[in-house]
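Engineer: this is the structure alone, sequence omitted:
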């Protein structure tokens, strides 16, 4: 018997007996089986057999406290399945489960898919989890897991997705990614990791998405992007990274989203970044980059760039024909509105609020057929509001 996935759907409490009954869906050989199907799979176990008391003595997959009795039914059923079936997928997304992950989870040695996200698991990740060699997907995001990330993650050569975001880990990201050649997505956002970027991530040639936003990572961006040619998303914003934007980023021709905001990066935007023709989102604000005019001249080669959130000069720029959203709020700009904006006819939204712009609001917005949001508040514009603004189609 091959159980490809177990999805817990609902818990029902029987108030009369003070016990909890489990409703679950088992997917066997690609076919969904509801509660009756589970009964048949479990050697004709009765519904009452599934609704066992929390005092039962079966070894749980999750170590429970006395406040977690309601989850014992699920744990005991899973323990039975681990013994009598080949469970290769376990989806407990958003079921509100609590507890400490137990080393006995390694008993599911055929497991390839594990989703425990959006729950309340706490404590450290047991190192035994990384003994399950067939794991390809691990999603532990949005829990209360603690401690350091076990280096055993480097043993999972089949891993394609690892999401541990929104937990309470400490320490550094272990530099153990050399053997994870199948890894496509790594997400570790809003955790508090410190130290340098693990350079072994450069070995993950299949990597498409790297999310390390909102940590305390420092040092330079020492990744060999020439080996990460499939990368489409790189989010390193809200860290403490410093040094230059690496020129090797230009090798990532498939890159669509690049977020480096709120770091301590310095120097110029590399000329070769003009080769990122697929780039559609770029955030560089609140760094120490210099020569913004040069940066914009470079970025004009990125023809799909639709979002730019960074200080801009008022002349020397031809315009961005594909620009759809422009936010330059609270950037300290002075002078009149830049003339190159009149060439950005694809704009949907523009925010120039809280600057020091002055002069009259230009009348050339009449050709902006897609524009539906405009915020020019808290500046020093004067004169009448152009009639053309009242005639915008959107």
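Structural biologist: That came through, no problem. Nothing here was measured: the structure is a model prediction, and the numbers come from that model.

Engineer: what's the burial count for residue 92?
Structural biologist: Residues near residue 92, counting by other CB atoms under 10 Å, number 23. All C-beta spots, glycine's among them, are computed from the backbone N, C-alpha and C.

Engineer: cool, and residue 389?
Structural biologist: Counted with other CB under 10 Å, residues neighbouring residue 389 total 16.

Engineer: so it, which state does it fall into?
Structural biologist: Here residue 389 is helix, with the state taken from DSSP: H, G, I helix; E, B strand; the rest coil.

Engineer: ok, it touching residue 374?
Structural biologist: Yes - if you go by CB atoms under 8 Å, residue 389 and residue 374 touch, sitting 7.5 Å apart.

Engineer: joint contacts of those two?
Structural biologist: Between them, residue 389 and residue 374 share these contacting residues under CB atoms under 8 Å, 6 or more residues apart in numbering: residue 365.

Engineer: pull out the buried positions in stretch 115-132.
Structural biologist: Within stretch 115-132, the residues that count as buried by 16 or more other CB atoms under 10 Å are 115-119, 121-122, 125-126, 128-130, 132.

Engineer: end-to-end on it?
Structural biologist: Length of stretch 115-132, first residue to last, CA to CA, to the nearest Å: 14 Å.

Engineer: next: stretch 236-243.
Structural biologist: Start-to-end span of stretch 236-243 (CA to CA) is 14 Å.

Engineer: re the thing from before, so which of the buried residues of stretch 115-132 comes closest to residue 218?
Structural biologist: Closest approach between the buried residues of stretch 115-132 and residue 218, by CB to CB: residue 125, at 23.9 Å.

Engineer: check the secondary structure at that closest one for me.
Structural biologist: Per three-state DSSP, the local secondary structure of residue 125 is coil.

Engineer: touching, it and residue 103? I think so.
Structural biologist: No - Residue 125 is beyond contact range of residue 103, at 10.4 Å (criterion: CB under 8 Å).

Engineer: my read is that residue 179 contacts residue 157, right?
Structural biologist: Yes - Residue 179 is in contact with residue 157 according to CB under 8 Å; the separation is 5.3 Å.

Engineer: so what's the closest residue to residue 358 other than its chain neighbours up against?
Structural biologist: In space, and not counting its chain neighbours, residue 358 is closest to residue 380: 4.3 Å by CB to CB, 6 or more residues apart in numbering. Residue 380 is in contact with 356, 357, 358, counting by CB under 8 Å, 6+ apart.

Engineer: again with residue 93
Structural biologist: Residue 93 sits next to 115, 116, 117, 118, 139 when contact means CB under 8 Å, 6+ apart.

Engineer: can you list the residues you listed in TSV and add pLDDT?
Structural biologist: As requested, the contacts of residue 93 are exported to TSV (pLDDT from 0 to 100):
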residue	pLDDT
115	89
116	89
117	92
118	90
139	95
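
Engineer: helices - which of those land there?
Structural biologist: Secondary structure assignment by DSSP state H places none of these in helices.

Engineer: export these to JSON lines and append columns for distance to residue 171.
Structural biologist: Output for these, formatted as JSON lines (distance: CB to CB, whole Å):
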{"residue": "115", "distance to residue 171": "25"}
{"residue": "116", "distance to residue 171": "21"}
{"residue": "117", "distance to residue 171": "22"}
{"residue": "118", "distance to residue 171": "24"}
{"residue": "139", "distance to residue 171": "21"}
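
Engineer: so which of the residues you listed are in strands?
Structural biologist: Using DSSP state E, the members of the contacts of residue 93 that fall in strands are 115, 139.

Engineer: which of the contacts of residue 93 lies closest to residue 243?
Structural biologist: Of all the contacts of residue 93, residue 243 sits closest to residue 139, with 32.1 Å by CB to CB.

Engineer: enumerate every residue touching that closest one.
Structural biologist: Each residue near residue 139 by CB under 8 Å, 6+ apart is listed here: 93, 114, 115, 116, 117, 161, 163.

Engineer: and the second one, how many neighbours does it have?
Structural biologist: A count of neighbours around residue 114, defined by other CB under 10 Å, yields 20.

Engineer: one more: the last one?
Structural biologist: Other residues within reach of residue 163, judged by other CB under 10 Å, total 19.

Engineer: show me where the stretch 251-394 of the chain has its helices.
Structural biologist: Listed in chain order, the helices of the stretch 251-394 of the chain (DSSP state H, counting those that start in this stretch) span 292-299, 387-390.

Engineer: weakest of those helices in terms of mean pLDDT?
Structural biologist: Per-stretch mean pLDDT for these is lowest at helix 292-299 (a mean of 64).

Engineer: from the contacts of residue 380, which land in strands?
Structural biologist: If you go by DSSP E, the contacts of residue 380 have 356, 357, 358 in strands.

Engineer: and which of the residues you listed is nearest residue 146?
Structural biologist: Comparing those against residue 146 with CB to CB places residue 356 closest, at 47.2 Å.

Engineer: what sits closest to that closest one if chain neighbours are left out?
Structural biologist: Nearest to residue 356 is residue 334, by CB to CB, 6+ apart, at 4.6 Å.

Engineer: neighbours of the one you found, just the number please.
Structural biologist: Neighbour count for residue 334, taken as other CB under 10 Å: 11.

Engineer: swap in the one 5 residues further on?
Structural biologist: The number of residues packed near residue 339 is 13, by other CB under 10 Å.
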